[in-house]
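**Q** sequence and computational prediction follow.
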Amino acid sequence: MSLRGGAVMDKQHFIHDQPISPKLEAFAPGKIGELCESDGGGQKRIMFIETSGEKCLRPRQACAIESAARTNPDMTVYVYMAKEMPPGRPEMDRGEGLERHCETMEILESFTNVYIIRDSLPKHLVDTPLEPLYFNGNMKNSQYALQHISDALRVALLYKHGGIYLDLDVVVLRSLRCLRNTAGHTFILGESSIENGFMAFDRGHKLLKFFMRWMQRSYKPNERSVIGPNGFSRAFQMLCNHPSRVISDLAFDFKCHDNVNVRLHNKTAFHPITYFEQNRFYAENFDENELDTFNQSYSVHVYGSGHGAHVPETSLFAFMANQFCPSTYNLHLQGVYDF
């Protein structure tokens, strides 16, 4: 049964060497068609952050990194992994695909453009407005310290080094090299939101500095998303007079205070399937016309990769994994681990 009428993707199409339709075959790195015609002065650095303190990654996290490395072979992918367990409460997910497997590290280390950095992550907050927020104890003592440290680190690292930050629950579909000083806009329950799961900014960008100063003033340790998307949206609104409206164009350029330039992409670029539609990733079978959803998408956010949701081998998420992180997904098919 398909989600929408038309050809249905089934197991044999992408697990065995059977002929597949031209649309399905073209949905792969190097074939999908690029949105970046030139680098546009964009970034050459992609970064991921893993704050748990564990030595190895979950397969779906490794999939995100592998997809970025495969679709952006001309960029360097840095994976920052905490050396120690952070304060705060971890996510209490249950289900499939949540176990960590060190085979994932072997896969990633085989890519010449991927660098694993095991580090004491809070040190990257030093020499930023966030240094006292953490080291004076406010953030360390929060029950949401783990989430807040992740939210703070991504901004601090972008401010210090420039580049593109990605959450570990994405699948990267295309080159990101043309993206510069941009983030993704969406609406959640009617509220305008600037997502912080995909951010591309130059080193020292003034919006990032403004946001860090805003965090320092507005931090509330008992609010989980205070310095996440909610905080980023508020800081952007203050600096750029961002109207609470839908961005109908694919991208819109804002001229903000203090000569700050920021481009916001609409949800199609990074969140083509919304949080409230995420069951589309896990449906037993999918219509190949579902892939039209991603014609103008650089990446796809899978929202915690389902937080343990079952991934049928004939689902959209499984197909995307098979195409964009095949090394990670093939070990699942071989029975080495559950994806």
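**A** Yep, that arrived. Numbers count the residues shown, from 1 in each chain.

**Q** and the closest residue to residue 290 other than its chain neighbours, what does it touch?
**A** Using C-beta to C-beta, 6 or more residues apart in numbering and skipping the chain neighbours, the partner closest in space to residue 290 is residue 316 (5.9 Å). (C-beta placed from N, C-alpha, C; glycine too.) Taking C-beta atoms under 8 Å, 6 or more residues apart in numbering, we find residue 316 in contact with 9, 280-283, 286, 290.

**Q** dig out what residue 170 forms beta bridges with.
**A** Under DSSP bridges, the beta-bridge partners of residue 170 are residue 301.

**Q** residue contacts, it?
**A** 64, 67-68, 197-198, 270, 299-302.

**Q** can you check residue 311 too?
**A** Taking C-beta under 8 Å, 6+ apart, one finds 96-97, 281-282, 317-318, 321, 339 in contact with residue 311.

**Q** could you identify which of these has the most neighbours?
**A** Greatest neighbour count in the contacts of residue 311, by other C-beta atoms under 10 Å, goes to residue 321: 28 neighbours.

**Q** pretty sure that residue contacts residue 63?
**A** Yes - using C-beta atoms under 8 Å, residue 321 makes contact with residue 63 at a distance of 5.3 Å.

**Q** name the residues contacting each of the two.
**A** 171, 328-329, 339.

**Q** just the ones of the residues you listed in helices?
**A** When DSSP state H is applied, these are split such that 328-329 fall in helices.

**Q** among the shared contacts of residue 321 and residue 63, which one sits closest to residue 109?
**A** residue 328 (12.7 Å; C-beta to C-beta).

**Q** just confirm the closest one contacts residue 59, I think it does.
**A** Yes - counting by C-beta under 8 Å, residue 328 touches residue 59, with 5.5 Å between them.

**Q** mutual contacts of those two, please.
**A** Joint contacts of residue 328 and residue 59 (C-beta under 8 Å, 6+ apart) are 104, 339.

**Q** for residue 27, see how far away the residue nearest to residue 290 is.
**A** 11 Å (C-beta to C-beta, to the nearest Å).

**Q** one more: residue 236?
**A** 33 Å.

**Q** between these two, which one's more packed in?
**A** The neighbour comparison of residue 236 against residue 27 (other C-beta under 10 Å) goes to residue 236, with 25 against 20.

**Q** helix, strand, or coil at that one?
**A** Secondary structure, DSSP: H, G, I helix; E, B strand; the rest coil: residue 236 is helix.

**Q** mind pulling up the pLDDT for the closest residue in space to residue 323 that isn't next to it in sequence?
**A** Closest residue to residue 323 apart from its sequence neighbours, by C-beta to C-beta, 6+ apart: residue 28 at 4.6 Å. The model reports residue 28 with a pLDDT of 97.

**Q** is it true that residue 28 touches residue 324?
**A** Yes - assessed by C-beta under 8 Å, residue 28 is found in contact with residue 324 at 7.3 Å.
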